[in-house]
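In: Take this sequence and fold it.
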Amino acid sequence: MTMIDNPDQARRLARAIISDIAIYNREKVEQGIKNDTIFDLLAEEIEEGRQHFASRVAPELAGAGIFDLALVDVLIKRAGKIESAIW
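Out: Presented below is the predicted three-dimensional model:
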């Protein structure tokens, strides 16, 4: 398998991985946003996603913060409609 070395493709991959995490863990996302514990509740899934991302992209992109930015964009910003004291 060819490693992804294009930053735009790496961003798309990160967003897809995190979207899958959000879709398959809706209850955890909702509970985590409500109680400000989302990163604790999804720690295992996020780490698994991060490892998958790192296995598919060039090393310089894996450490470029792309996954973390996508994590905030996809997991947190999209959850803005959930009632929470963190907003």
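
In: Any regions of the protein where pLDDT drops low?
Out: The model of the chain has pLDDT under 70 over residues 78-87.

In: Okay, buried residues for stretch 19-26 please.
Out: For stretch 19-26, burial by neighbour count (16 or more other Cβ atoms under 10 Å) applies to 21, 22, 25. Every C-beta, even on glycine, is put in place using the N, C-alpha and C of the backbone.

In: Contacts only, for the last one.
Out: What it means is residue 25. For residue 25, the contacting residues are 42, 45, by Cβ atoms under 8 Å, 6 or more residues apart in numbering.

In: Over to it: give its phi and psi.
Out: Main-chain torsions, residue 25, degrees, to the nearest 10: phi -130, psi 40.

In: roughly how far apart are it and residue 64?
Out: Counting by Cβ to Cβ, to the nearest Å, the gap from residue 25 to residue 64 is 25 Å.

In: and if you look at the first one?
Out: Distance, residue 21 to residue 64, using Cβ to Cβ: 20 Å.

In: What of residue 57?
Out: Distance from residue 57 to residue 64, counting by Cβ to Cβ: 9 Å.

In: Repeat that for residue 30.
Out: According to Cβ to Cβ, residue 30 stands 30 Å off from residue 64.

In: hang on, the earlier thing: common neighbours of residue 57 and residue 64, please.
Out: Residues touching both residue 57 and residue 64 (Cβ under 8 Å, 6+ apart) are residue 10.

In: which one of these two has more residues nearby?
Out: residue 57 (24 against 15; other Cβ atoms under 10 Å).

In: For the more buried one, which residues are in contact?
Out: Per Cβ under 8 Å, 6+ apart, neighbours of residue 57: 3, 4, 5, 10, 13, 66.

In: Closest to residue 39 out of these?
Out: Minimum distance to residue 39 across the contacts of residue 57 is 17.5 Å, recorded for residue 66 (Cβ to Cβ).

In: how distant is the one helix or strand residue 40 maps to from the center of its chain?
Out: Using DSSP states H and E, residue 40 sits in helix 38-41. Centroid separation for helix 38-41 versus its chain: 12 Å, with Cα atoms, centre = their mean, to the nearest Å.
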